[in-house]
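Enquirer: attaching a predicted model along with its sequence, questions to come.
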Amino acid sequence: MPARPLAPLSALLAIALCWGVGLECLGAESLVSAWSEAIAKNQSLEASHYSAEAARHEALAAAAERATTLSTRQGYTARSDTPSFVSTFPGFGTFRQPFAQQNAAGFSAHASKPLWNAGRINSTVRAAELRSFASVESSEWTESQLLMAVAEAYVAVLQTTQTLRAADRLLEVARVRAHETTQQAQQQQATQQQAQAARVSVAHAERDLLKAQSAHNQAAANYNLVLGRRLDCHVELSELAIPLMPHCLDYLTKTAKQTRPDVNELHQRVDASLHESSAWLAARYPELRVEVGFDYEENRYQSPEGVALAGLYLDWQALDGGKKHQSALASTARAAALRAQYRYLLEQIAIEVHQAWNLRSEALAEENAARESLDYTGVRHDQALRRQEQGVTLASEATAAHAEMAEAEARFVIAQTERALSQLRLRFVSGLLRDECRRLCGRQ
């Protein structure tokens, strides 16, 4: 007896491997390897990493304002004449007394350190640090979105592959039926109208096959695009199965609100704007600094030529036209806007997690229905094969049974991949997908 194309038990065994680790020995690509390649090649993710690196250096630059600064200056001065004091004594005339050489070399070195600035520097540094942390969270959210995009493209390829196989089998059935109907019409066992209808069915099946091929090619091109490959690269993927998450809806919602990178990014940008406002308000007050230095200029009219100095200075810009006050208000308003976005995002996350939870439940029910349908179709397929062996059925009926089986398998695989994708989407909206991917890819 010819073997069934894919029995329910063998279908389950073929996809019993979790997270896409499957047919590697046959050259098929797993989801984990696709994730690793996408992370290594994606330009958008690389750009977010550079943005995070730039923000980190900006935070370090802000912190450097606390340190002691040292400036030096060396040079040679050429004057048009010798500077002199002019003194006039009645009855004796006018006398010129030089006080500096016409040409002289010089050197100076000054060190300065802030002592008190009303917390301006600390607020500036803290704002820069929070912006740096927010950039890291933004990079991690970009990575999570990339992982979800790869998973969606991966599932699309698997689904279109099954649809293409089913369309090919349906075309085969339509051609066999058209051939039989044409022969029956020649033998006057069928009408010409029936023969014409059979040929129309072939044309429709060819059209459906062409659509399925186009959809598969488009899915493969999108998959290669996400992974940074040439669009025409060959794609062969292993089966995909994702284990169910043991957590309840309330836990996932709470986890998403606490750990999702986009939530943390907004929270840190709110705090950064508040610290920036504090820095502008502190800049309105005087700032105290200590300075030491040494100035030297070649001058035979002066003794000594080099002079050391030390001083305590109070700098205060008393009037600035309201610039600092308005800048502080702008930062406060920006923080209020970000805080409103943060609250809205928390509400949106609760909805997203709830929707993903419901979609997973629906996908599980659809998978169970498709499995039952596959089992039922398998029984009918076996019966058709037995009737063919006994010679009590036409070849077209046996071919139709194969096509029906192919359709049932396609529906089952599509339902199964939709369930797997719903699991991945639930992890994504809960903020757990990135950490799971890092664990599977062996990254810290």
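Expert: Ah, there it is.

Enquirer: nearest spatial neighbour of residue 366, skipping sequence neighbours?
Expert: Of all residues beyond its chain neighbours, the one nearest residue 366 is residue 415 (4.7 Å), with distances taken as C-beta to C-beta, 6 or more residues apart in numbering. C-beta coordinates here come from the backbone N, C-alpha and C atoms, glycine included.

Enquirer: quick one: that neighbour is in a helix?
Expert: Yes. Assignment of residue 415 by DSSP: H, G, I helix; E, B strand; the rest coil places it within a helix.

Enquirer: show me the contacts for residue 224.
Expert: Listed by C-beta atoms under 8 Å, 6 or more residues apart in numbering, the contact set of residue 224 reads 230, 231, 232, 233, 235.

Enquirer: state the mean pLDDT of the strand or helix carrying it.
Expert: According to DSSP states H and E, residue 224 maps onto helix 192-226. For helix 192-226, the mean pLDDT works out to 91.

Enquirer: how would you label the residue of the chain most remote from its centre: helix, strand or coil?
Expert: Here the chain has its C-alpha centre computed as a mean, and the residue farthest from that point, by C-alpha atoms, centre = their mean, is residue 91 with 90.3 Å. Under three-state DSSP, the three-state class of residue 91 is coil.

Enquirer: which residues touch it?
Expert: In this structure, residue 91 makes contact with no residue, judged by C-beta under 8 Å, 6+ apart.

Enquirer: so where's this structure uncertain?
Expert: Counting by pLDDT under 70, the chain contains low-confidence residues at 1-27, 392-396, 441-444.

Enquirer: about what we covered before: for the helix holding residue 224, which residues meet the burial criterion?
Expert: Going by neighbour count (16 or more other C-beta atoms under 10 Å), the buried part of helix 192-226 is 195, 198-199, 201-202, 205, 208-209, 212, 215-216, 219-224, 226.

Enquirer: after it, which helix or strand is next?
Expert: Past helix 192-226, heading to the C-terminal end, the next element that is a helix or strand (DSSP H and E) is helix 249-259.

Enquirer: show me the strands in this structure, by range?
Expert: Counting by DSSP state E, the chain forms strands over residues 69-78, 84-89, 93-98, 103-116, 287-297, 306-315, given from the N-terminal end onward.

Enquirer: show me what the fifth one packs onto, helices and strands only.
Expert: In this case it means strand 287-297. The contact analysis (3 or more C-beta pairs under 8 Å, 6 or more residues apart in numbering; DSSP states H and E) places strand 287-297 against strand 103-116, strand 306-315.

Enquirer: most tightly surrounded among these?
Expert: Of all these, strand 103-116 has the most neighbours on average by mean count of other C-beta atoms under 10 Å, namely a mean of 14.

Enquirer: contacts made by that one with the rest, please.
Expert: Taking C-beta under 8 Å, 6+ apart as the criterion, the residues outside strand 103-116 that touch it are 65-79, 121, 287-299, 312.

Enquirer: of these, buried ones?
Expert: When neighbours are counted using 16+ other C-beta under 10 Å, the contacts of strand 103-116 contain these buried positions: 121, 287, 289, 293, 296, 297, 298, 299.

Enquirer: now these in a markdown table, with distance to residue 148?
Expert: A markdown table is the format used below for these (distance: C-beta to C-beta, whole Å):
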| residue | distance to residue 148 |
| --- | --- |
| 121 | 41 |
| 287 | 49 |
| 289 | 52 |
| 293 | 59 |
| 296 | 66 |
| 297 | 68 |
| 298 | 71 |
| 299 | 73 |
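
Enquirer: just those residues now: which is nearest residue 260?
Expert: Distance to residue 260, by C-beta to C-beta, is smallest for residue 121 among the buried ones among the contacts of strand 103-116, at 32.4 Å.

Enquirer: chain center to stretch 169-188: distance?
Expert: Chain-centre distance of stretch 169-188: 53 Å, with C-alpha atoms, centre = their mean, to the nearest Å.

Enquirer: my read: residue 85 touches residue 94, true?
Expert: No. Between residue 85 and residue 94 no contact is recorded; they are 11.0 Å apart, counting by C-beta atoms under 8 Å.

Enquirer: residue 42: what's it in contact with?
Expert: Under the criterion of C-beta under 8 Å, 6+ apart, the contact list for residue 42 reads 146, 226, 228.

Enquirer: could you measure from the most centrally placed residue in the chain over to residue 189?
Expert: The centre of the chain sits closest to residue 142, judged by C-alpha atoms, centre = their mean, with a distance of 1.6 Å. When C-beta to C-beta, to the nearest Å is the yardstick, residue 142 and residue 189 sit 66 Å from each other.

Enquirer: also residue 54?
Expert: The value you get for residue 54 to residue 189, if C-beta to C-beta is used, is 79 Å.

Enquirer: what is the burial count for the residue nearest to the residue nearest to the centre of the chain when sequence neighbours are not counted?
Expert: By the measure of C-beta to C-beta, 6+ apart, the closest residue to residue 142 outside its immediate chain neighbours is residue 48, 4.4 Å from it. Burial of residue 48 is recorded as 20 neighbouring residues (other C-beta atoms under 10 Å).

Enquirer: surely residue 48 touches residue 144?
Expert: No. Taking contact to mean C-beta under 8 Å, the distance of 11.2 Å between residue 48 and residue 144 leaves them out of contact.

Enquirer: so what's residue 147 up against?
Expert: Applying C-beta under 8 Å, 6+ apart as the definition, the contact partners of residue 147 turn out to be 35, 38, 39, 428, 433, 434, 437.

Enquirer: now with 7 Å, please.
Expert: Residues counted as contacts of residue 147 (C-beta atoms under 7 Å, 6 or more residues apart in numbering) are 35, 433, 434, 437.

Enquirer: who's in contact with the nearest residue to the third one once chain neighbours are set aside?
Expert: Sequence neighbours aside, residue 144 is the residue nearest to residue 434 in space, at 4.6 Å (criterion: C-beta to C-beta, 6+ apart). For residue 144, the set of contacting residues under the criterion of C-beta under 7 Å, 6+ apart consists of 261, 428, 433, 434.

Enquirer: wait, which of those residues is closest to residue 281?
Expert: The shortest approach to residue 281 among the contacts of residue 144 belongs to residue 261, at 30.6 Å (C-beta to C-beta).

Enquirer: please determine how far the closest one is located from residue 319.
Expert: Taking C-beta to C-beta as the criterion, residue 261 is separated from residue 319 by 44 Å.

Enquirer: which one of the two has more residues nearby?
Expert: Applying other C-beta under 10 Å to residue 261 and residue 319 shows that residue 261 carries more neighbours, namely 20 against 6.

Enquirer: what sits against that one?
Expert: Contact criterion C-beta under 7 Å, 6+ apart gives 137, 140, 141, 144 as the residues in contact with residue 261.

Enquirer: for the residues you listed, give me a markdown table that also has distance to residue 387.
Expert: As requested, the contacts of residue 261 are arranged in a markdown table below (distance: C-beta to C-beta, whole Å):
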| residue | distance to residue 387 |
| --- | --- |
| 137 | 64 |
| 140 | 59 |
| 141 | 58 |
| 144 | 53 |
